[in-house]
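Colleague: Show me how the following folds:
(one chain, ligands or ions: 1)
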Amino acid sequence: MFITAQSQETKTSTDKKWWKEAVVYQIYPRSFKDSDGDGVGDLKGIISKLDYLRSIGIDAVWLNPIYESPNDDNGYDISNYREIMKDFGTMQDFDLLLKGMHERGIKLIMDLVVNHSSDENYWFQESRKSRDNKYRNYYYWWPAEKGTPPYRWSFFDVNSNAWKYDAQTDSYYLHYFSVKQPDLNWNNPEVRNEIYDMMKFWLDKGIDGFRLDAFQFASKDPSFPELPKEIVGKPLEIIKYYGNGSHLHDYLQEMNREVLSKYPNAMTVAEGAGDSPKAAMKFVDPDRKELNIAYHFESVDIGKHLSDFGLVKYKDIFSRYDETFKDKGWLSIFMANHDQPRMVSKFGNDTEKYRELSSKMLTTFVMTMRGTTFYYQGDELGMSNIRFDNIEDYNDVDTRNKHQFLKENNGDLKAFLEGQKQTSRENGRTPIQWNADANAGFTVGKPWLKVNPNYTKVNVETLEKDPNSTLNYFRKLVQLRKNNPVLIYGKYTLLDKENPKVFAFTRELEGKKTLVLLNFSADNATVNTGINLNNSKIISSNYQEMRSNKSILRPYEALIIEIN
Ligand code: GLC
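Modeller: As a prediction, this is how the structure comes out:
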């Protein structure tokens with residue numbers, strides 16, 4: 001890294017911090033690499049690929065949950081926060097992984113899933129035993145004699161009530177996510193203290209930060225106001241009914257005081273981060289002393305495919321957020337994660353002809369826009385949606401529950417399955433394609449989720465050998481970003497705003513100006529930047545054949561141009 005000075009405080013957007021400069025690579029451990037042939041990725045599998053991680057130049061890994069879990073929601077239902085999931089290995093494996101990462105200069109960010117636990121967590125097991133159990137108030141309970149609780153749908157089952165009746169104590173418990181993910185009661189200081197202790201346990205082991213899962217839901221309006229029918233299934237609108245409660249930021253400030261301030265180099269990322277740029281800023285405004293990086297959803301919740309919502313709307317989201325964050329606070333830039341379809345299948349073009357080019361174009365965007373880059377495993381290979389035909393191929397609680405509901409209610413199952421081909425989370429969860437051997441070299445057993453059949457061509461081993469592959473392009477762009485502080489700290493200005501095909505913007509820092517031109521379409525596209533490009537220099541292109549005309553871009557062309 002080119003910048004070494006670190007201070008605890010970061011007041012303005014140009015103050016230096018390692019986590020602003022980092023390229024964070026997301027590992028979904030279930031699908032990364034299996035070492036023992038049970039078909040499920042594991043920690044030893046990741047250890048065996050540490051040199052690969054170093055070779056791609058990334059600075060940090062965000063690891064999805066690896067804690068003990070019955071896996072109703074692939075580890076987001078935690079039964080013991082201080083143990084490792086058996087499928088993934090042991091604490092010794094974890095210690096080796098952390099050591100191996102640090103030896104290679106890679107930091108480790110863990111998922112912090114504390115809006116809810118698993119129903120198999122000791123706390124919940126106790127809580128449900130009796131109304132006067134010590135752990136009763138660790139969760140939300142609604143005694144049946146108060147009548148039916150106010151209706152809430154659950155994210156993984158929009159048509160069932162998120163208040164589940166539990167006969168043992170004749171009460172309902174709240175679960176915004178699956179029925180096996182009861183919501184923890186953050187109003188209870190004992191819950192908060194348990195969680196702070198647990199955070200210290202991991203930070204003391206040497207991890208480098210946390211990604212806060214679904215934390216905006218941790219503070220709820222205790223009156224549970226009636227839910228208007230029209231907002232069912234609309235994530236951004238429901239936030240004010242489900243979360244963003246009046247104590248949300250008190251909890252984060254307390255967490256900062258009790259834990260984070262004691263680990264000033266740790267990085268924290270807020271998943272969700274509210275329903276507007278202003279709300280997102282509240283999580284990371286340095287004056288408020290809460291978290292570091294906001295990870296908002298507007299740019300992924302915008303719709304199913306770029307062709308539906310259009311580039312102008314998409315550009316507007318990034319520009320609006322950047323406007324709010326231009327002086328202070330910090331954002332993340334991402335196009336995919338384990339809850340999303342593959343980036344090339346949503347924002348690019350995954351046909352044979354354009355998959356590679358458009359993947360590289362999208363990689364250029366996340367490496368040049370202001371904000372910490374979060375890059376999802378496999379995107380460096382140009383992995384695309386698998387598009388399962390049969391419900392039996394899905395494992396995800398989200399897809400399976402919704403399918404089951406439609407089935408019971410004579411819904412249109414065919415249309416549902418067609419839709420899942422574009423939107424299902426499992427499109428992004430298929431195993432990483434390491435080579436052209438059976439199961440793409442991911443496992444010698446039967447993979448927990450089918451491997452994308454394009455693995456014979458799209459795999460690490462094959463792409464390593466091709467200097468122009470998406471993989472080697474990713475490596476180049478990581479280095480380019482590291483060597484050009486302007487791409488990290490530089491001011492962002494959108495150009496040619498209404499252009500429906502091209503995302504054009506400049507980044508400027510200390511007299512240096514860089515222009516980024518991205519053609520998000522399969523056509524040649526003209527761009528009007530208003531900048532005289534006569535003396536400019538192309539420093540990166542995703543096409544091999546360079547060209548002199550910088551104002552007409554070829555399909556999915558991505559250019560980075562130095563202006564002075
Ligand atoms: C977050 C996770 C998602 C999980 C949910 C419930 O949105 O990213 O995978 O299902 O929270 O924990």
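
Colleague: Distance from the lengthiest helix in the chain to the middle of the chain?
Modeller: Counting residues, the longest helix found in the chain (DSSP state H) is helix 189-205. Helix 189-205 sits 23 Å away from the centroid of its parent chain (Cα atoms, centre = their mean, to the nearest Å).

Colleague: got any ranges where the chain has weak pLDDT?
Modeller: 1-10, 158-159, 233, 235, 548 (pLDDT under 70).

Colleague: does the residue in the chain that the ligand sits nearest to sit in a helix, a strand or a coil?
Modeller: Here the residue of the chain nearest the ligand is Y76; by Cβ to the nearest ligand atom that distance is 3.4 Å. All C-beta spots, glycine's among them, are computed from the backbone N, C-alpha and C. Counting by DSSP: H, G, I helix; E, B strand; the rest coil, the backbone at Y76 sits in coil.

Colleague: quick one, phi/psi of K282?
Modeller: phi -60, psi -30 (degrees, to the nearest 10).

Colleague: Identify the residue nearest it in space, chain neighbours excluded?
Modeller: Spatial nearest neighbour of K282, chain neighbours left out: H249 (6.1 Å); criterion: Cβ to Cβ, 6 or more residues apart in numbering.

Colleague: so what's the one you found up against?
Modeller: H249 makes contacts with K282, F283, R288, E290, as judged by Cβ atoms under 8 Å, 6 or more residues apart in numbering.

Colleague: Could you turn the buried ones of these into a ChimeraX selection?
Modeller: Here is the ChimeraX command that picks out the buried ones among the contacts of H249, judged by 16 or more other Cβ atoms under 10 Å:
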select :282,283,290
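
Colleague: of the contacts of H249, list those near the ligand.
Modeller: Near the ligand, taking Cβ under 6 Å from any ligand atom as the test, no member of the contacts of H249 is found.

Colleague: for the stretch 101-250 of the chain, what spans make up the helices?
Modeller: Secondary structure of the stretch 101-250 of the chain, counting by DSSP state H, counting those that start in this stretch: helices at 122-127, 189-205, 235-242, 248-258.

Colleague: Which residues does the shortest one contact?
Modeller: For helix 122-127, the external contacting residues (Cβ under 8 Å, 6+ apart) are 79-80, 117-119, 133-139, 141, 173, 182, 184, 194.

Colleague: mind checking how far it is from the chain centre?
Modeller: Centroid separation for helix 122-127 versus its chain: 30 Å, with Cα atoms, centre = their mean.

Colleague: The third one too?
Modeller: On the basis of Cα atoms, centre = their mean, the separation between the geometric centre of helix 235-242 and that of its chain is 19 Å.

Colleague: Quick one: residues contacting L381.
Modeller: L381 makes contacts with I432, Q433, V458, N459, V460, L463, T470, L471, as judged by Cβ under 8 Å, 6+ apart.

Colleague: What count of nearby residues applies to the third one?
Modeller: In this case it means V458. Applying other Cβ atoms under 10 Å, we find 24 residues neighbouring V458.

Colleague: ok, now the fourth one?
Modeller: The criterion is other Cβ under 10 Å. On that basis, N459 has 24 neighbouring residues.

Colleague: Does the closest residue to it other than its chain neighbours fall in a helix, a strand, or a coil region?
Modeller: Of all residues beyond its chain neighbours, the one nearest N459 is Q433 (4.1 Å), with distances taken as Cβ to Cβ, 6+ apart. Secondary structure, three-state DSSP: Q433 is coil.

Colleague: pretty sure Q433 contacts M383?
Modeller: Yes - counting by Cβ atoms under 8 Å, M383 is a contact partner of Q433 at 6.7 Å.

Colleague: Mind checking which of those two has more residues around it?
Modeller: Per other Cβ under 10 Å, whichever of Q433 and M383 has more neighbours is M383, with 30 against 26.

Colleague: What is the burial count for the residue nearest to that one when sequence neighbours are not counted?
Modeller: Setting aside the residues directly before and after it, M383 is nearest to R342 in space (Cβ to Cβ, 6+ apart), at 5.7 Å. Neighbour count of R342, defined by other Cβ under 10 Å: 26.

Colleague: give me every residue that touches the closest residue to D466 other than its chain neighbours.
Modeller: Nearest residue to D466, sequence neighbours excluded (Cβ to Cβ, 6+ apart): N472, at 6.9 Å. With contact taken as Cβ under 8 Å, 6+ apart, N472 is in contact with L463, E464, D466.

Colleague: what about the strands in the stretch 201-350 of the chain?
Modeller: Using DSSP state E, counting those that start in this stretch, the strands found in the stretch 201-350 of the chain span residues 209-212, 267-272, 293-296, 332-333.

Colleague: Switch those over to CSV; also include distance to K537 and mean neighbour count.
Modeller: Formatted as CSV, the strands of the stretch 201-350 of the chain follow (distance: least, Cβ to Cβ, whole Å; neighbours: other Cβ atoms under 10 Å):
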stretch, distance to K537, mean neighbour count
strand 209-212, 37, 26
strand 267-272, 34, 25
strand 293-296, 32, 25
strand 332-333, 24, 21
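
Colleague: Quick one, which of those strands gets closest to L477.
Modeller: Proximity to L477, assessed across those by Cβ to Cβ, is greatest for strand 332-333 (12.7 Å).

Colleague: That closest one pairs with which strands, parallel or anti?
Modeller: strand 372-376 (parallel) (DSSP bridges).

Colleague: Is the partner strand in proximity to the ligand?
Modeller: No - using Cβ under 6 Å from any ligand atom, strand 372-376 never reaches the ligand; the gap is at least 11.7 Å.

Colleague: Report the angle between that strand and strand 267-272.
Modeller: 70 degrees (axes from the mean of the first three to the mean of the last three Cα atoms, to 10 degrees).

Colleague: which element follows strand 372-376 toward the C-terminus?
Modeller: Per DSSP states H and E, the first helix or strand lying C-terminal to strand 372-376 is helix 397-408.

Colleague: Quick one: name whatever helix or strand follows that next one.
Modeller: Following helix 397-408 in sequence order, the next helix or strand is helix 413-423 (DSSP H and E).

Colleague: Does P65 lie in a helix or a strand, and which?
Modeller: Using DSSP H and E, no helix or strand contains P65.

Colleague: Those residues of the stretch 151-300 of the chain touching the ligand, which are they?
Modeller: Checking the stretch 151-300 of the chain against the ligand by Cβ under 6 Å from any ligand atom, the hits are F177, D213, A214.

Colleague: can you map out the helices along the stretch 401-550 of the chain?
Modeller: Using DSSP H, counting those that start in this stretch, helices in the stretch 401-550 of the chain cover 413-423, 460-465, 470-483, 485-489.

Colleague: can the ones you listed go into a markdown table with extra columns for distance to V502?
Modeller: Conversion of these to a markdown table gives the following (distance: least, Cβ to Cβ, whole Å):
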| stretch | distance to V502 |
| --- | --- |
| helix 413-423 | 24 |
| helix 460-465 | 27 |
| helix 470-483 | 19 |
| helix 485-489 | 19 |
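
Colleague: JSON lines for those helices, including distance to the ligand?
Modeller: Below are the helices of the stretch 401-550 of the chain laid out as JSON lines (distance: least, Cβ to the nearest ligand atom, whole Å):
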{"stretch": "helix 413-423", "distance to the ligand": "14"}
{"stretch": "helix 460-465", "distance to the ligand": "25"}
{"stretch": "helix 470-483", "distance to the ligand": "23"}
{"stretch": "helix 485-489", "distance to the ligand": "26"}
